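Enquirer: Sequence first, predicted model second:
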Amino acid sequence: MITSLYGALETGLIYAIMALGVYISFRILDFPDLTVDGSFVTGGGVAAISIIGGVDPIVATLLGFVAGFLVGCITGLLHTKGNINPLLAGIIMMIGLYSVNLRIMGQANLSLLNEITLFSQLKGIFESLSLDAVFFAPYEWLGLSAYAPRSFYAIVMMLLVVLIVKKSLDIFLQTETGLALRATGDNQTMVRSFSANTNVYIILGIGLANALVALSGALVVQYNGFADVNLGVGMIVVGLASVIIGEVLFGKKTIVRTTLAVICGAIVYRAIYAMALRVDFLEASDMKLITALIVVAALVIPNMLQKSSEKRQFKRSQKALAKVERQKGEVQIVNAKSNS
């Protein structure tokens, strides 16, 4: 069980980057972008084929990021210049990217088991410097050695990457361009009234969203040790679930808090997922069903809680109103008696 939760933390951090991309498109720009399922594989495919070709893993990962940005920009262009519905533009790109990804990879599946990746590089550094012993020390001191993960390199690496991505995104969204991007999602008419080109911000936003999705894909293929053309199926649902769970559990008052909530939501989602798979009557083939149920719960439960809260508020206000009316009546009776 503990091992499953450590695995959920590792994968949750990787998918958190993808969830941040979904947050940009769906929440900030209010753009239902289904390109995600395709751009996730594009990032992974570009990174995988680059690593196999001898490119440094860091450069290969950045190439995946750039590829995702270009893919997102094309989706934005289809919508802004081609006047295609956002949902339809995303579907068109998702379908087209299947063939593009096959072209990039050259085959449906690529193995990275014998290649140098970011994770294998960091694992080598941890082993050479005996850094795992440093992280194991607190567990031994507390007598919890049995609950410690086998190695910390993946968790440490993903924490660093996610923190860098989050901080960069927070800073960007508070710049003039970032504020214009957020305003475009809220009210395009208002932004146009200031002579700003909303099309540019839509293209930039969708490009950035898919760049983060592709970055997540590039990290996932290196973590898994393989790239597959079907790796992105259902990623949009996973991203949405992470965003919704994060917003419900951790709030969304500020950008800094919301991006943190999305990251935590991705980790919580993977933890729920890991625990669900340990239930006896569920099998690995039920993964998509589990995902669907988590999304349904994330959407329905907040609405139920909100309605329940509104009912309680209404009852309290009715009681308060009745009390005021009763007090008024008592005052009138007292006044009537004193006058008589």
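Expert: Yes, it's here.
Enquirer: Now for Ala320, how many residues are close by?
Expert: When neighbours are counted by other CB atoms under 10 Å, Ala320 registers 10. The way it works is simple: take the backbone N, C-alpha and C, and place the C-beta from them, glycine included.
Enquirer: let me fix that: Asn230
Expert: The number of residues packed near Asn230 is 12, by other CB under 10 Å.
Enquirer: List the contacts of it.
Expert: Taking CB atoms under 8 Å, 6 or more residues apart in numbering, we find Asn230 in contact with 41, 108.
Enquirer: repeat that with 10 Å
Expert: By CB atoms under 10 Å, 6 or more residues apart in numbering, the contact set of Asn230 is 37, 41, 98, 101, 108-109.
Enquirer: Give me the buried entries from these.
Expert: The neighbour-count test (16 or more other CB atoms under 10 Å) marks 37, 41, 101 as buried among those.
Enquirer: Redo the residues you listed as TSV? Include distance to Thr61.
Expert: Compiled in TSV, the buried ones among the contacts of Asn230 are given as follows (distance: CB to CB, whole Å):
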residue	distance to Thr61
Asp37	20
Val41	15
Asn101	17
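Enquirer: which of those lies closest to Gly54?
Expert: Gly54 has its nearest neighbour among those in Asn101, at 21.0 Å by CB to CB.
Enquirer: give the contact list for that closest one.
Expert: Asn101 sits next to 38-46, 67, 71, 108, 217, 227-232 when contact means CB under 10 Å, 6+ apart.
Enquirer: what helix or strand is it on?
Expert: Assigned by DSSP states H and E, Asn101 falls within helix 86-105.
Enquirer: Could you look up the next helix or strand downstream of that helix?
Expert: The helix or strand immediately downstream of helix 86-105 is strand 109-111, counting by DSSP H and E.
Enquirer: what packs against that following strand?
Expert: helix 36-52, strand 226-228 (3 or more CB pairs under 10 Å, 6 or more residues apart in numbering; DSSP states H and E).
Enquirer: If you count neighbours, what's buried in the helix or strand containing Cys73?
Expert: In the assignment (DSSP H and E), Cys73 maps to helix 57-80. Within helix 57-80, the residues that count as buried by 16+ other CB under 10 Å are 57, 60-65, 67-69, 71-80.
Enquirer: Kindly export it (C-alpha atoms) in CSV.
Expert: Extracted in CSV, the C-alpha atoms of helix 57-80 (Å, rounded to 0.1, in the frame of the first residue of the first chain):
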residue,chain,number,x,y,z
PRO,A,57,18.0,13.9,-22.4
ILE,A,58,17.6,17.5,-21.2
VAL,A,59,17.7,18.9,-24.8
ALA,A,60,15.3,16.1,-25.9
THR,A,61,12.8,17.0,-23.2
LEU,A,62,13.0,20.7,-24.3
LEU,A,63,12.4,19.6,-27.9
GLY,A,64,9.3,17.8,-26.8
PHE,A,65,8.2,21.1,-25.0
VAL,A,66,8.7,23.1,-28.2
ALA,A,67,6.9,20.5,-30.3
GLY,A,68,3.9,20.7,-28.0
PHE,A,69,3.9,24.5,-28.3
LEU,A,70,3.9,24.4,-32.1
VAL,A,71,1.0,21.9,-32.0
GLY,A,72,-1.0,24.1,-29.7
CYS,A,73,-0.3,27.2,-31.9
ILE,A,74,-1.8,25.3,-34.9
THR,A,75,-4.9,24.5,-32.8
GLY,A,76,-5.2,28.2,-31.9
LEU,A,77,-4.7,29.2,-35.6
LEU,A,78,-7.5,26.8,-36.7
HIS,A,79,-9.8,28.5,-34.2
THR,A,80,-8.8,32.2,-34.7
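Enquirer: Quick check: mean pLDDT of that helix?
Expert: What helix 57-80 shows for mean pLDDT is 96.
Enquirer: cool, stretch 97-114 as well?
Expert: Over the span of stretch 97-114, the pLDDT mean works out to 93.
Enquirer: For it, buried residues please.
Expert: For stretch 97-114, the neighbour count (16+ other CB under 10 Å) marks 97, 100-101, 104-105, 110, 112 as buried.
Enquirer: Straight-line length of it, end to end?
Expert: Stretch 97-114 has its terminal residues 27 Å apart, counting by CA to CA, to the nearest Å.
Enquirer: again, but for stretch 73-86
Expert: 13 Å.
Enquirer: Check what pLDDT Val334 gets.
Expert: According to the prediction, Val334 has pLDDT 69.
Enquirer: Likewise for Leu208?
Expert: 96.
Enquirer: mind showing which ranges of this structure have poor pLDDT?
Expert: Low-confidence segments of the chain, defined by pLDDT under 70: 1-3, 147, 334, 339-340.
Enquirer: Going along the chain, name the helices of it.
Expert: Here the chain has its helices, by DSSP state H, at 2-23, 36-52, 57-80, 86-105, 118-129, 131-141, 153-173, 176-186, 188-193, 198-224, 235-250, 255-277, 287-339.
Enquirer: quick one: the fourth one to helix 235-250, angle?
Expert: It stands for helix 86-105. Put simply, helix 86-105 runs at 120 degrees to helix 235-250, going by axes from the mean of the first three to the mean of the last three CA atoms, to 10 degrees.
Enquirer: and helix 86-105, how far from the chain's centre?
Expert: Relative to the mean C-alpha coordinate of its chain, helix 86-105 is positioned 20 Å out (CA atoms, centre = their mean, to the nearest Å).
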